[in-house]
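J.: Sharing a model prediction with you, sequence too.
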Amino acid sequence: MNQEPLLIALLMISMPTGWLSAQDVTDGFAPEMSSGVSERTLQTANDYLVAAANPLAAQAGNDILARGGNAIDAMVTTQLVLGLVEPQSSGLGGGAFMVYYDAADDKLTTFDGRETAPFAATPTLFQNDNGEKLGFFDAVVGGLSVGTPGTVKLIFDTHQAHGTLDWASLLQPAIDLAENGFAVSERLHTLIANDQKRLMTHPDTKAYFFGDDGEAHAVGHVLVNQAYADTLKALASGGADAFYEGPIAEAIVDKVNNASNPGVLALADLSNYTIKEREPLCVSYREHDVCGMGPPSSGALTVGQILGILEPYPLDELGPDSARSWRLIGDASRLAFADRGRYMADSDYVPMPTEGLISKTYLTERSKLLDGQTALESVSAGEPEWDHAMLWADDESLELTSTSHFSIVDTEGNAVSMTTTIENGFGSRLMSGGFLLNNELTDFSFSTHNDGVPIANRVEPGKRPRSSMSPTIVMKDGKPYMVVGSPGGSRIIGYVAKTIIAHLDWGMNIQEAINMPHAVNRFGTYDLEEGTGATDLQDELEAVGYEVNIRALNSGLHGIVIGEESLMGGADPRREGVALGQ
Ligand code: GLY
């Protein structure tokens, strides 16, 4: 493996930019830093670029592009290596959304590889016999939360349609790494140690992540995963069918149904699983089109609503140090989250006012609510135009941080923006075939109704749980300009919106935009990133009426800007990833 670009990326030192410096960001995140990487700088490239959450995955994707593969080929390998070296975040047992620009066809499209609820799932899946909601982790750990995985079908089907290199050869780097072992990173070690109690509840998981002494594998421990290599070898020869039918599928179903907290996944759920190609959902902002994944993700709709509500306000003049900018951003986000909680779910199952939510008329009306000088006292869902009379109650899903995002641009100008997940860190904590199984079903509402009114995002058989994942491609004059996304539960939406604003309104390059300390508001409380200059906003935000909470905000933004002369990539210093290119 050619390590040179990786070493160059690790050696570069970024330049501070006032209170928004990369150093600000790293100060609060020492435990998350790994691979010796404590800072990031803008990575430029002429031909291709990969920005991903782990250096081994970014390098593997680069190697595929260096071999002449395209962005889809590199996507396959990057995902499979991520699933091995960052098993807590994404993998074969999970689901993903991909926004894809195909240069030859000049076409932007999206692929939905979201997990589905098993056919035997009922709306009260996460309630006890008395109709009471289960505690979050009581629902997460074990088989109950496991949805039908979508990632394998997503990477296989899109490779069949758009890839160029031989499928099996794209799996080989991850097979080699699994057989030879990889060094446990500081981040992985820390996360295993922090989750010891839950990971130890299932013997296979315990055996993989802990030594015979019961300790989390140390940083640098060479972790071999022969089961993962064997699964990939089966996929190399049998394609996605080898996953969705036969011994791998049977082992997954057996694991889910015989876990301590058994689920209802069946072989028919796997054999019937399909990915869905969907129209991208685009909202115009500052002469760009911000495009992403529509329902079942709330990502593109909510990011688009935030930007659309902000469009009339001069954020460029106000700048990033202004508390007024953050009042506007915070309340635009609260308004968008109110609509998200009321209306957004899997639109294959529930009617949704998708067009109404992003119509200029509606967003302009919502913008006017921000005309005052102080934070909105209360926020509720609006009334977008909709020819469908229906009442939904507000949702109450709990989404904690996890997930991974990578961005790829290749020599031909194809672009991939992919956010990929097993939901909670380490998912359901169940392992099968060398990979962790997701707990994506807990992205559904645990309640079915609120005061007798149904909740759009309730569990239903075959339905896809609402997501916040926001893989984005910003288009300019009909061509891709910015490729970006992040993990982070429902804060993903704020991280992505902020990065777009920092670049388009405030002129930061993609790395500076990613580095910029976070200030995120979803439901009223303003979260400010601890240990960073964002906390300087506390007094002014409290003065205009917000409650402020200073906390870690562990995004994992990975993005690329396609300049006229070169590609520019950025990786989030809050995690262990890099941007690498040629
Ligand atoms: N499970 C994270 C998301 O879909 O938003």
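T.: Great, that's in hand.

J.: in its sheet, what does the strand ranked longest in the chain sit against?
T.: Ranked by number of residues, the top strand in the chain under DSSP state E is strand 415-424. Applying DSSP bridges, strand 415-424 is found paired with strand 95-102 (antiparallel), strand 402-409 (antiparallel).

J.: What is the subsequent helix or strand relative to it?
T.: strand 431-432 (DSSP states H and E).

J.: strands paired with that following strand, and their directions?
T.: For strand 431-432, pairing defined by DSSP bridges yields strand 435-436 (antiparallel).

J.: anything in the strand it pairs with near the ligand?
T.: No: Strand 435-436 does not reach the ligand (CB under 6 Å from any ligand atom); its nearest approach is 13.4 Å. Just so you know, the C-beta spots here come from the backbone N, C-alpha and C atoms, and that holds for glycine as well.

J.: What's the first helix or strand after that strand?
T.: strand 449-450.

J.: Can you give me the distance of residue 138 to residue 201?
T.: Distance, residue 138 to residue 201, using CB to CB, to the nearest Å: 12 Å.

J.: whoops, residue 226 was the one
T.: 23 Å.

J.: again with residue 160
T.: Taking CB to CB, one finds residue 160 at 38 Å from residue 201.

J.: Beta-bridge partners for the residue nearest to residue 455 when sequence neighbours are not counted, please?
T.: Once flanking residues are discounted, residue 455 sits nearest to residue 445: 4.6 Å by CB to CB, 6 or more residues apart in numbering. When assigned by DSSP bridges, residue 445 has beta-bridge partners residue 458.

J.: OK, contacts around the closest residue in space to residue 138 that isn't next to it in sequence?
T.: Leaving aside its chain neighbours, residue 138 sits nearest to residue 261 (7.4 Å; criterion: CB to CB, 6+ apart). Counting by CB atoms under 8 Å, 6 or more residues apart in numbering, residue 261 makes contact with 138, 139, 141, 142, 143, 144.

J.: who's in contact with the last one?
T.: Residues counted as contacts of residue 144 (CB under 8 Å, 6+ apart) are 125, 126, 261, 262, 263, 264, 441.

J.: Tell me which of the strands paired with strand 415-424 approaches the ligand most closely.
T.: Closest to the ligand of the strands paired with strand 415-424 is strand 402-409 (CB to the nearest ligand atom; 5.2 Å).

J.: what about that closest one, near the ligand?
T.: Yes: Strand 402-409 reaches the ligand (CB under 6 Å from any ligand atom) through residue 403.

J.: Need the per-residue pLDDT for residue 336.
T.: Per-residue pLDDT puts residue 336 at 98.

J.: In terms of neighbours, single out the busier of residue 226 and residue 201.
T.: residue 201 (15 against 11; other CB atoms under 10 Å).

J.: All the helices of the stretch 1-150 of the chain, residue numbers only.
T.: 4-11, 22-27, 55-66, 71-85, 136-140 (DSSP state H, counting those that start in this stretch).

J.: Could you do the stretch 151-300 of the chain as well?
T.: With helices called from DSSP H, counting those that start in this stretch, the stretch 151-300 of the chain shows them at 151-162, 167-180, 186-194, 196-199, 203-209, 226-238, 241-244, 247-257, 267-271, 299-310.

J.: Any stretches of the protein with poor pLDDT?
T.: 1-38, 389-390, 396-401 (pLDDT under 70).

J.: The ligand contacts on that one?
T.: So far as CB under 6 Å from any ligand atom goes, the chain lies against the ligand at 399, 403, 421, 423, 443, 467, 468, 469.

J.: rewinding a little: can you give me the buried ones in the longest strand of the chain?
T.: 415, 416, 417, 418, 419, 420, 421, 422, 423, 424 (16 or more other CB atoms under 10 Å).

J.: Serialize the strands paired with strand 415-424 to TSV and add fields for mean neighbour count.
T.: Below are the strands paired with strand 415-424 laid out as TSV (neighbours: other CB atoms under 10 Å):
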stretch	mean neighbour count
strand 95-102	27
strand 402-409	31
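
J.: how far away is residue 66 from residue 268?
T.: Residue 66 is 42 Å from residue 268, by CB to CB.

J.: beta partners of the residue in the chain positioned nearest to the ligand?
T.: Residue of the chain nearest the ligand, by CB to the nearest ligand atom: residue 467 (3.2 Å). Beta-bridge pairing of residue 467 under DSSP bridges involves residue 297.

J.: Going forward, count from 42.
T.: Will do, 42 is the new start, and the previous item becomes residue 508.

J.: Who are the contact partners of it?
T.: Counted by CB under 8 Å, 6+ apart, residue 508 has contacts 138, 155, 334, 337, 338, 339, 340, 462, 484.

J.: likewise residue 404?
T.: Counted by CB under 8 Å, 6+ apart, residue 404 has contacts 346, 349, 350, 352.

J.: any idea how far residue 397 is from it?
T.: 10 Å.

J.: same thing with residue 334?
T.: For residue 334, the distance to residue 397 - CB to CB - is 19 Å.

J.: if you count what's nearby, which of these two comes out ahead?
T.: residue 334 (31 against 18).

J.: That'll do, ta.
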